[in-house]
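Visitor: My questions concern the predicted model and sequence given below.
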Amino acid sequence: MSRERLYLFDTTLRDGQQTQGVQFSAPEKHRIAAALDDLGVDYIEGGWPGANPTDSEFFDAPPKTRATFTAFGMTKRSGRSAENDDVLATVLNAGTKSVCLVGKTHDFHVTTALGVTLEENVTNIAQSFAHIVAQGREALFDAEHFFDGYKSNPDYALECLHAAYTAGARWIVLCDTNGGTLPGEVYQITLKVIESGIPGSHLGIHTHDDTGNAVANSLAAVNAGARQVQGTLNGLGERCGNANLTTLIPTFLLKEPYASKFDTGVTQDALKGMVKVSRMLDDILNRVPQRAAPYVGASAFAHKAGLHASAILKDPTTYEHIVPEIVGNARIVPMSNQAGTSNLRSRLSDMGMDVEDTSALSRVLDRIKLREAEGYSYDSAQASFELEARREVGQMPSFFDVERYRATVERRRDSRGRMSHLSEATVVVNIGGERHLSVSEGMLEDGADGGPVNALSKALAKDLGPYQGLIEDMELVDYKVRITQGGTEARTRVIIDHEDGQGRRWSTVGVSSNIIDASFEALLDAILWKLVRDGAHALGAQ
Ligand SMILES: CC(=O)SCCNC(=O)CCNC(=O)[C@H](O)C(C)(C)COP(=O)(O)OP(=O)(O)OC[C@H]1O[C@@H](n2cnc3c(N)ncnc32)[C@H](O)[C@@H]1OP(=O)(O)O
Ligand SMILES: CC(=O)C(=O)O
């Protein structure tokens, strides 16, 4: 079978920026564009020149990409020529090789949102594209609300597409703007478009995830013949997001019939960077990565249940649809109350612990299940699990003892009558018979009160004598609280994530009826795990 080219169009910097709460700066756009270019997408839509200062700044000094850098805008408005439309002029003045214009194809939107006649809209589309093409640009038509438009008035929706195509648009992109269309309809309607005379090699698909079908809809359009797929990294985008390219790209490269049928610009080698690219975007957005994201999520290859773990150890293909490393991910076999000895052996061996004694293994398993019944949760707090296992099998060095800690919170009015908060913590540890007392205030980088957990974290990490050098690069990056039982019996579970200078991220858990105490337990485990992993026992721990 001869292979066909499937084009990937990324709109993270345009539709992705339409995500609530997302606002990229120009330098961030440059970083994302460079990562997309390394990945191998064919088009990078940078934004809408002239729509806001950031996009204008970005287009003033555009990235140099192998991918076709694209400016976005809308078709000309009625009552002026394409040459005299200032919004269109600003888009064209960005000087990009390719230009994507959104235009209406749904009769209802033409009369209601634009308030023009159906004929005027067709003329506006045709003249806008003729103008772009006359300037030597590659033109794309984002046919807004196309599927809804087709269902309302198929002849008119197709007339709009043909107006752009006849005027020279290279790509006609069928948009499921409201995200309400299902895969069967996308497939059938895409076939109708092809039957109307626009070949699949000129058709693109742009979907939204409002029914959770953005990826399925993209695949349906490709199955019908479309050869350009638009999407965003991590599925960013207006409302529920766009088709997720971190799902679609591995699917096109690894799954049939796509892998045998299509070439894309993404190589198998670049595919190994998929997790990295996804995390980079989360890092820029200061978002916690979605654990369950297909292919790239931390749980995508996590085998929690005992039956799964047992089989995985015999042959990973028993519960994995692909080899995780192909997309830069990794297999994990977490511990929890769903686990059996297979999970345990696998975890211990990953931690470098060889435990032959089966009675020790059962003790660890019993201990973990008992602690989970008390409210601990080890499947996401693997570092705390490791410490618990070490304690149970006698492989946990003793670095220091916490003699006591105290945290206080104060709310007061200053001399100008303004309310302020102050949190303070004291921690006393005993290291080899020597007492170390540390006091810290809760303080954020901007000088605001960081709260009692922040104060405790600082006091605990302030003076650990010989171990101090090993913990200096630790940073608390996420803090989650959950009440595990209601009423007066309430127990609080705190899960804290840390990162260090070696790029490691680890999670620890604490449980108590008191949120500060639960936090302290998780903070303490985080430091102990770091000391165990970095060989602090060599510094004289017992
Ligand atoms: C489906 C999509 O996601 S398309 C992408 C949409 N992206 C964005 O809207 C983000 C960037 N947009 C913006 O910054 C602003 O909306 C701007 C600068 C483009 C326009 O701002 P304003 O001139 O203040 O207009 P406003 O946003 O209020 O309304 C949009 C105007 O464009 C018109 N319009 C909408 N689509 C089109 C189109 N395809 N062709 C021509 N005109 C259009 C609307 O009718 C409306 O005009 P009206 O005010 O005369 O009724
Ligand atoms: C153009 C676009 O983003 C849409 O129709 O969804």
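Guide: Looks like it arrived, so ask away. Ligands and ions are numbered 1, 2, ... in the order given.

Visitor: For the chain, identify the residue most remote from the centre.
Guide: Distance from the C-alpha centroid of the chain, by C-alpha atoms, centre = their mean, peaks at residue 433 (46.8 Å).

Visitor: ok, that one - contacts?
Guide: By C-beta atoms under 8 Å, 6 or more residues apart in numbering, the contact set of residue 433 is empty. Using the backbone N, CA and C atoms, a C-beta is placed for each residue, glycine as well.

Visitor: what's in contact with stretch 262-271?
Guide: Here stretch 262-271 makes contact (C-beta under 8 Å, 6+ apart) with 3-8, 38-42, 67, 249-250, 252-254, 326-328.

Visitor: now stretch 406-417
Guide: With contact meaning C-beta under 8 Å, 6+ apart, stretch 406-417 is reached by 419-426, 451-453, 455-456, 516, 520.

Visitor: and what of stretch 178-196?
Guide: Stretch 178-196 is contacted from outside by 145-148, 150-151, 154, 158, 161-162, 172, 174, 176, 200, 203, 205, 207-211, 213-214, 216-217, 219-221, 223-226, 239-240, using C-beta under 8 Å, 6+ apart.

Visitor: In strands, which of those residues fall?
Guide: The strands, defined by DSSP state E, take in 172, 174, 176, 203, 205, 207 from the contacts of stretch 178-196.

Visitor: Sort out which one of the residues you listed lies nearest residue 484 for me.
Guide: residue 207 (38.9 Å; C-beta to C-beta).

Visitor: so what's the residue in the stretch 301-450 of the chain that ligand 1 sits nearest to up against?
Guide: Proximity of the stretch 301-450 of the chain to ligand 1 (C-beta to the nearest ligand atom) peaks at residue 327, 28.8 Å away. With contacts defined as C-beta under 8 Å, 6+ apart, residue 327 is in contact with 250, 271, 272, 274, 275, 295, 296.

Visitor: In TSV, list those along with pLDDT.
Guide: TSV is the format used below for the contacts of residue 327 (pLDDT from 0 to 100):
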residue	pLDDT
250	98
271	98
272	97
274	97
275	95
295	98
296	97
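
Visitor: tell me the SS of residue 44?
Guide: At residue 44 the chain is in strand, as set by DSSP: H, G, I helix; E, B strand; the rest coil.

Visitor: correct me, but it touches residue 69?
Guide: Yes - if you go by C-beta atoms under 8 Å, residue 44 and residue 69 touch, sitting 5.6 Å apart.

Visitor: more crowded one of the two?
Guide: residue 44 (28 against 22; other C-beta atoms under 10 Å).

Visitor: out of everything not next to it in sequence, what's closest to the more buried one?
Guide: Counting by C-beta to C-beta, 6 or more residues apart in numbering, residue 44 lies nearest to residue 67, which is 4.7 Å off, once chain neighbours are set aside.

Visitor: That neighbour and residue 198, how far apart?
Guide: Applying C-beta to C-beta, to the nearest Å, the value for residue 67 to residue 198 is 24 Å.

Visitor: Kindly report the same for residue 329.
Guide: 38 Å.

Visitor: Based on its surroundings, how many neighbours for residue 300?
Guide: By other C-beta under 10 Å, neighbour count at residue 300 equals 22.

Visitor: Look at the residue of the stretch 1-150 of the chain found nearest ligand 2 and tell me its secondary structure.
Guide: With C-beta to the nearest ligand atom as the measure, residue 142 is the residue of the stretch 1-150 of the chain nearest to ligand 2, at 3.7 Å. Three-state assignment for residue 142 (three-state DSSP): strand.

Visitor: in a helix, that's where residue 180 is, yeah?
Guide: No - under three-state DSSP, residue 180 sits outside any helix and is assigned coil.

Visitor: Could you report the separation of it from residue 116?
Guide: The gap separating residue 180 from residue 116 is 25 Å, by C-beta to C-beta.

Visitor: again, but for residue 123
Guide: Counting by C-beta to C-beta, the gap from residue 123 to residue 116 is 9 Å.

Visitor: what mean pLDDT does stretch 422-435 have?
Guide: Stretch 422-435 shows a mean pLDDT of 95.

Visitor: on that earlier part again, so which of the contacts of stretch 406-417 belong to strands?
Guide: 419, 420, 421, 422, 423, 424, 425, 426.

Visitor: Now do the contacts for the fifth one.
Guide: Think residue 423. Residues in contact with residue 423 (C-beta under 8 Å, 6+ apart) are 407, 408, 409, 410, 441, 442, 449, 450, 451, 452, 454, 455.

Visitor: circling back to that earlier point, ok, and the closest non-adjacent residue to the residue of the stretch 301-450 of the chain closest to ligand 1?
Guide: Here the residue nearest residue 327, using C-beta to C-beta, 6+ apart, is residue 274, at 4.3 Å.

Visitor: burial count for the one you found?
Guide: Look at residue 274: counted by other C-beta under 10 Å, it has 24 neighbours.

Visitor: contacting residues for it?
Guide: Residue 274 makes contacts with 39, 246, 249, 250, 295, 296, 327, 328, 329, as judged by C-beta under 8 Å, 6+ apart.

Visitor: looking at those, which has the most residues close by?
Guide: Highest neighbour count within these, by other C-beta under 10 Å: residue 249, with 28 neighbours.

Visitor: Any part of the helix or strand hosting residue 192 near ligand 2?
Guide: Using DSSP states H and E, residue 192 falls within helix 183-195. No - interface with ligand 2: helix 183-195 contributes nothing (C-beta under 6 Å from any ligand atom), its closest point being 13.5 Å away.

Visitor: C-alpha coordinates for that helix, CSV please?
Guide: Extracted C-alpha coordinates of helix 183-195, given in CSV (Å, rounded to 0.1, in the frame of the first residue of the first chain):
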residue,chain,number,x,y,z
PRO,A,183,-18.0,10.6,15.2
GLY,A,184,-20.5,8.9,12.9
GLU,A,185,-21.8,12.3,11.7
VAL,A,186,-18.3,13.7,11.3
TYR,A,187,-17.5,10.7,9.1
GLN,A,188,-20.6,10.9,7.0
ILE,A,189,-20.5,14.7,6.5
THR,A,190,-16.8,14.6,5.6
LEU,A,191,-17.6,12.1,2.9
LYS,A,192,-20.3,14.4,1.6
VAL,A,193,-17.8,17.3,1.3
ILE,A,194,-15.4,15.1,-0.6
GLU,A,195,-18.3,14.0,-2.9
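
Visitor: what's the offset of it from the middle of its chain?
Guide: Chain-centre distance of helix 183-195: 30 Å, with C-alpha atoms, centre = their mean, to the nearest Å.

Visitor: Same check on stretch 395-415?
Guide: Taking mean C-alpha positions (C-alpha atoms, centre = their mean), stretch 395-415 and its chain are 34 Å apart.

Visitor: got it, and stretch 176-192?
Guide: Remark: stretch 176-192 is offset 26 Å from the chain centroid, using C-alpha atoms, centre = their mean.

Visitor: Could you list the buried residues of that stretch?
Guide: 176, 177, 178, 179, 181, 183, 185, 186, 187, 189, 190 (16 or more other C-beta atoms under 10 Å).

Visitor: Check what pLDDT the residue of the stretch 151-300 of the chain found nearest ligand 1 gets.
Guide: In the stretch 151-300 of the chain, no residue comes nearer to ligand 1 than residue 177, which is 4.9 Å away by C-beta to the nearest ligand atom. For residue 177, the pLDDT comes out at 98.

Visitor: which residues does it contact?
Guide: Contacts of residue 177 by C-beta under 8 Å, 6+ apart are 144, 145, 146, 148, 208.

Visitor: What of residue 44?
Guide: Residues near residue 44 by C-beta under 8 Å, 6+ apart: 10, 13, 33, 36, 37, 63, 65, 67, 68, 69, 70.

Visitor: again, 10 Å this time
Guide: Residues near residue 44 by C-beta atoms under 10 Å, 6 or more residues apart in numbering: 8-14, 29, 32-34, 36-37, 62-63, 65-70, 96, 98.

Visitor: And for residue 341?
Guide: Contacts of residue 341 (C-beta under 10 Å, 6+ apart): 306, 309, 310, 348, 358, 361, 362, 364, 365.
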